[in-house]
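K.L.:
Predicted model follows, preceded by the sequence.
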Amino acid sequence: MSGRRIPKALTVAGSDSGGGAGIQADLKTFQELGVFGMSAITAVTVQNTFGVGGVYPLPPEAAAEQIRAVGEDLGVDALKTGMLFDAGVIRAVAAEIRSFGWERVVVDPVMIAKGGAELLRREAVLALKQELLPLALIITPNIPEAEVLAGMSIRSMRDRREAARIIGAMGPKLVVIKGGHDASPGGGSYDGGSAAGTEATEVVVDLVYDGSGFTELAGRRINTVHTHGTGCTYSAALTAGLARGMAVQDAISLAREFIQAAIEEGLGLGRGQGPTNHWAYRRRQELQRDRVLEAGR
Ligand SMILES: Nc1ncnc2c1ncn2[C@@H]1O[C@H](COP(=O)(O)OP(=O)(O)OP(=O)(O)O)[C@@H](O)[C@H]1O
Ligand SMILES: Cc1ncc(CO)c(N)n1
C-alpha cells in the first residue's frame with residue numbers, strides 16, 4: 001500500500017448519526033482495512049443507541065448522481081449497498097451499477113433496524129429482488145431478511161439452506177445468511193434443527209452458499225447488547241476485502257474475523273444498544289505482528 005495503487009470502495013447507504021451503522025460504519029471499516037472509502041448517501045437517519053428517531057430519504061437522482069460522480073472520476077474496485085429505503089432509489093442504484101458494469105458488488109439487504117424501525121419500505125422488496133439481486137456478487141441477509149426474501153420461515157439450519165438456495169436463484173453468485181439473529185440451541189451449529197446442547201448456544205454461525213455447496217463459518221457468540229451496526233460493518237469488511245482483490249472466500253473469512261474482533265472488544269458507548277469497535281481488528285493484527293517480530297529477535 002505504498003501509494004501506487006490504493007484500493008477504492010464505494011458504499012451506497014444511509015447515514016447513521018450515532019456513528020455505529022450505515023455510511024459511518026462502512027467508511028470506518030474501509031479505512032481500517034486499508035481501503036479508500038467513498039459514499040453515496042441515500043437517506044439521513046436520526047439515530048443513537050436507543051434507536052431510529054427519524055428517516056429523511058433523498059431522491060433517487062441524488063444517489064445516482066453521487067455514484068456517477070465517484071465512478072467517472074475516482075473509480076470503484078468494489079461497491080456495497082446498505083439502506084436504500086425505497087424502490088425508486090433501488091432502481092436508480094441498479095441502473096448505475098449496470099451502466100458502469102461493476103461486478104464486485106455486495107448487497108446488504110437492510111430492512112429493519114435492530115430497534116424495529118423500517119429502513120426499507122415493504123413495497124420495495126420486489127424491486128430489491130428484481131433489480132438488485134441479479135447484479136450482486138454476494139448478498140448478506142440476516143435471518144429475518146432471508147425470511148422475507150425467500151418467503152419462508154427459518155427455524156433450523158436446514159431451513160436456512162433452503163432459503164439460501166431460493167435467494168441464490170434470484171441472481172447473486174453467493175448468499176451469506178448471517179447467524180446473529182439465530183436464537184435456536186446451537187446458534188445454527190447443528191444439522192436439520194436438532195438441538196446441540198447448551199454449550200453450543202455460545203456459537204454464532206454464518207451460512208455461505210456459493211450456488212453449489214454450503215460452508216458454515218462459526219465464531220464465538222459474544223453475550224453483549226453492543227451489536228448496533230454489526231451487519232453494516234460485516235458487509236463493509238467483505239467489500240473492503242473484495243476491493244483489495246481478495247478471493248471471495250478469503251474476503252468472507254476476513255469479514256468474519258473483523259466483526260468478531262469488533263464485537264469482542266466493544267466500546268460500551270451510549271446508554272442503549274451501542275456500536276462495535278472498528279479499531280479492534282487492526283489492533284489485533286498489529287499486536288500479532290509485534291509478537292512475531294519480537295520472537296524473531
Ligand atoms: N453476539 C455475537 N457474537 C459474535 N458474532 C456476532 C454476534 N452477533 C452477530 N454476530 C456476527 O455479526 C455479523 C452480522 O450478523 P447479524 O446477524 O447481527 O447482522 P444484522 O442483523 O444484519 O446486523 P444489523 O442489525 O446491523 O443490520 C455476522 O457475521 C454474525 O455472525
Ligand atoms: C443507516 C442505517 N443503515 C443500516 C442500519 C442497520 O444496522 C442502521 N441501523 N442504520
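P.N.:
Yep, that arrived. Because the structure is predicted, anything quoted here is derived from the model rather than measured. Ligands and ions are numbered 1, 2, ... in the order given.
K.L.:
The longest strand along the chain and ligand 2, are they touching?
P.N.:
Of all the segments assigned as strand in the chain under DSSP state E, the longest by residue count is strand 36-48. Yes. Residues of strand 36-48 contacting ligand 2 under C-beta under 6 Å from any ligand atom: residue 45. Where C-beta positions appear, they are placed from N, C-alpha and C, glycine not excepted.
K.L.:
what does the chain put close to ligand 2?
P.N.:
13-14, 16, 21-22, 45, 82-83, 110, 113, 119, 229, 231-232.
K.L.:
How about the helix or strand just after the longest strand of the chain and ligand 1, any contact?
P.N.:
Remark: after strand 36-48, the chain's next helix or strand is strand 51-57, criterion DSSP states H and E. No. Judged by C-beta under 6 Å from any ligand atom, strand 51-57 makes no contact with ligand 1; its nearest approach is 11.5 Å.
K.L.:
okay, strand 51-57 in PDB with CA atoms only?
P.N.:
In PDB, the C-alpha atoms belonging to strand 51-57 read as follows (Å, rounded to 0.1, in the frame of the first residue of the first chain):
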ATOM      1  CA  GLY A  51     -32.900   3.500  18.000                       C
ATOM      2  CA  VAL A  52     -34.100   5.400  15.000                       C
ATOM      3  CA  GLY A  53     -35.800   8.800  15.700                       C
ATOM      4  CA  GLY A  54     -36.400   9.800  12.100                       C
ATOM      5  CA  VAL A  55     -35.700   9.000   8.500                       C
ATOM      6  CA  TYR A  56     -35.100  11.700   5.800                       C
ATOM      7  CA  PRO A  57     -34.800  10.000   2.400                       C
END
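K.L.:
got the angle for the helix or strand that comes right after it vs strand 36-48?
P.N.:
For strand 51-57, the following helix or strand on the C-terminal side (DSSP H and E) is helix 60-73. Going by axes from the mean of the first three to the mean of the last three C-alpha atoms, to 10 degrees, helix 60-73 is angled at 160 degrees with respect to strand 36-48.
K.L.:
Between strand 51-57 and helix 60-73, find me the angle.
P.N.:
80 degrees.
K.L.:
returning to what we had before: in the longest strand of the chain, which residues are buried?
P.N.:
36, 37, 38, 39, 40, 41, 42, 43, 44, 45, 47, 48 (16 or more other C-beta atoms under 10 Å).
K.L.:
From the residues of the chain next to ligand 2, which land in strands?
P.N.:
Here DSSP E is the test, and these give 13, 14, 16, 45 as lying in strands.
K.L.:
I'd say the last one and residue 52 touch.
P.N.:
Yes. Contact criterion C-beta atoms under 8 Å: residue 45 and residue 52 qualify, at 5.6 Å.
K.L.:
Now the common contact residues for these two.
P.N.:
residue 119 (C-beta atoms under 8 Å, 6 or more residues apart in numbering).
K.L.:
quick one: secondary structure of residue 128?
P.N.:
Using DSSP: H, G, I helix; E, B strand; the rest coil, the structure places residue 128 in helix.
K.L.:
So it sits against residue 119, correct?
P.N.:
No. Counting by C-beta under 8 Å, residue 119 is not a contact partner of residue 128; they are 11.9 Å apart.
K.L.:
more crowded one of those two?
P.N.:
Ranked by neighbour count (other C-beta atoms under 10 Å), residue 128 and residue 119 place residue 128 first, with 25 against 21.
K.L.:
which residues does the more buried one contact?
P.N.:
Going by C-beta under 8 Å, 6+ apart, the list of residues near residue 128 reads 84, 90, 107, 109, 120, 149.
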